[in-house]
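# Build me a model from this:
(chains A and B)
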Amino acid sequence: GENVEQHPSTLSVQEGDSAVIKCTYSDSASNYFPWYKQELGKRPQLIIDIRSNVGEKKDQRIAVTLNKTAKHFSLHITETQPEDSAVYFCAASVQGGSEKLVFGKGTKLTVNP
Amino acid sequence: EPEVTQTPSHQVTQMGQEVILRCVPISNHLYFYWYRQILGQKVEFLVSFYNNEISEKSEIFDDQFSVERPDGSNFTLKIRSTKLEDSAMYFCAAQRDRQETQYFGPGTRLLVL
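Down below sits the predicted model:
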């Protein structure tokens, strides 16, 4: 089945720096790749997503890139702020009876003021 | 962001007891999912539900679990004879259709003693 690997597991940056989180997936049929931000004790919240017919997508300080050939996708956060501190999860959809999501193990991002 | 609601927010139960977790998905969404997240770990898919029946389930979703949509709106996850290892955060998610975003509810934190 689908396996999603996410790196790094923890990331600490200074405010204003950029942060990059990378994920790889195994199922070449996956075609939807969302990124969720989860604050402590809260629900995962979608911050950006990308479909396989697009190589890059940007929303203000957040961007996602997808390389289908290499089966990896990345989250880029520029001009980081302390409120960006959270756990970020990547996921890949698995086509079947539904579109279940397989998640990576998460990256704990800390933005130091 | 569309709102998925879940009740209760917290549930403490004794091992061997039955629990029912409830979700009120977004009204025009067709696909519903249950995921769980053991403390400090990644989000894991349990089951998906479409057209009033299970469309897909994971290895975790064994005979102690069941889902139903008893009144056409609420979507429930029942865990019979809970075990200590069932302690986790349980998230419901709703998806309007395939190729659409999955929105997560706030979760139910289940603690089995």
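# Around chain A, pick out the residues from chain B.
B:1, B:31, B:33, B:35, B:41-45, B:48, B:50, B:55-56, B:58, B:91, B:95, B:98-99, B:101-107 (CB under 8 Å from any CB of the partner chain). To be clear about C-beta, it is placed using only N, CA and C from the backbone, and glycine gets the same treatment.
# what pLDDT does residue 36 get?
This is for chain A. The confidence metric pLDDT takes the value 95 at A:Tyr36.
# let's do chain B instead
96.
# Got phi/psi on the residue lying closest to it once chain neighbours are set aside?
Beyond its immediate neighbours in the sequence, the residue positioned closest to B:Arg36 (CB to CB, 6 or more residues apart in numbering or on different chains) is B:Ala88, lying 4.5 Å away. The phi/psi pair for B:Ala88 (degrees, to the nearest 10) reads phi -180, psi 180.
# Contacts only, for B:Ala88.
Contacts for B:Ala88 (CB atoms under 8 Å, 6 or more residues apart in numbering or on different chains) come out as B:36-39, B:109-110.
# that older thread, quick one: buried ones out of the residues of chain B next to chain A?
With burial judged by 16 or more other CB atoms under 10 Å in any protein chain shown, the buried subset of those is B:31, B:33, B:35, B:42-45, B:48, B:50, B:55-56, B:58, B:91, B:95, B:102-107.
# Now, these that are in helices?
Judged by DSSP state H, helices contain none of these.
# Determine the longest strand present in chain A.
Among the elements of type strand in chain A, defined by DSSP state E, the one spanning the most residues is strand A:86-95.
# State the next helix or strand along the chain beyond that strand.
Using DSSP states H and E, the helix or strand that follows strand A:86-95 in sequence is strand A:99-103.
# CA atoms only: put that following strand into CSV for me.
In CSV, the C-alpha atoms belonging to strand A:99-103 read as follows (Å, rounded to 0.1, in the frame of the first residue of the first chain):
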residue,chain,number,x,y,z
GLU,A,99,-9.9,8.9,-1.5
LYS,A,100,-8.4,8.0,1.8
LEU,A,101,-5.4,10.0,2.9
VAL,A,102,-2.1,8.4,4.0
PHE,A,103,-0.2,10.8,6.2
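# quick one: that strand near chain B?
Yes - applying CB under 8 Å from any CB, one finds that strand A:99-103 is in contact with chain B at A:99-103.
# residues making contact with that strand?
Strand A:99-103 is contacted from outside by A:1-4, A:25, A:32, A:34, A:36, A:89-94, B:31, B:33, B:35, B:42-45, B:48, B:56, B:58, B:95, B:98-99, B:102, using CB under 8 Å, 6+ apart.
# Kindly recompute the last result at 7 Å.
Contacts with strand A:99-103, where a contact means CB atoms under 7 Å, 6 or more residues apart in numbering or on different chains, come from A:2, A:4, A:32, A:89, A:91-94, B:33, B:42-43, B:45, B:48, B:56, B:95, B:98, B:102.
# Take those residues and keep only those in strands.
The strands, defined by DSSP E, take in A:4, A:32, A:89, A:91-94, B:33, B:45, B:48, B:56, B:95, B:102 from those.
# Please tabulate the residues you listed in CSV, including the columns pLDDT.
Rendered in CSV, the data for these read as follows (pLDDT from 0 to 100):
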residue, pLDDT
A:Val4, 95
A:Tyr32, 90
A:Phe89, 95
A:Ala91, 96
A:Ala92, 94
A:Ser93, 90
A:Val94, 86
B:Tyr33, 94
B:Phe45, 95
B:Ser48, 93
B:Glu56, 91
B:Gln95, 89
B:Gln102, 90
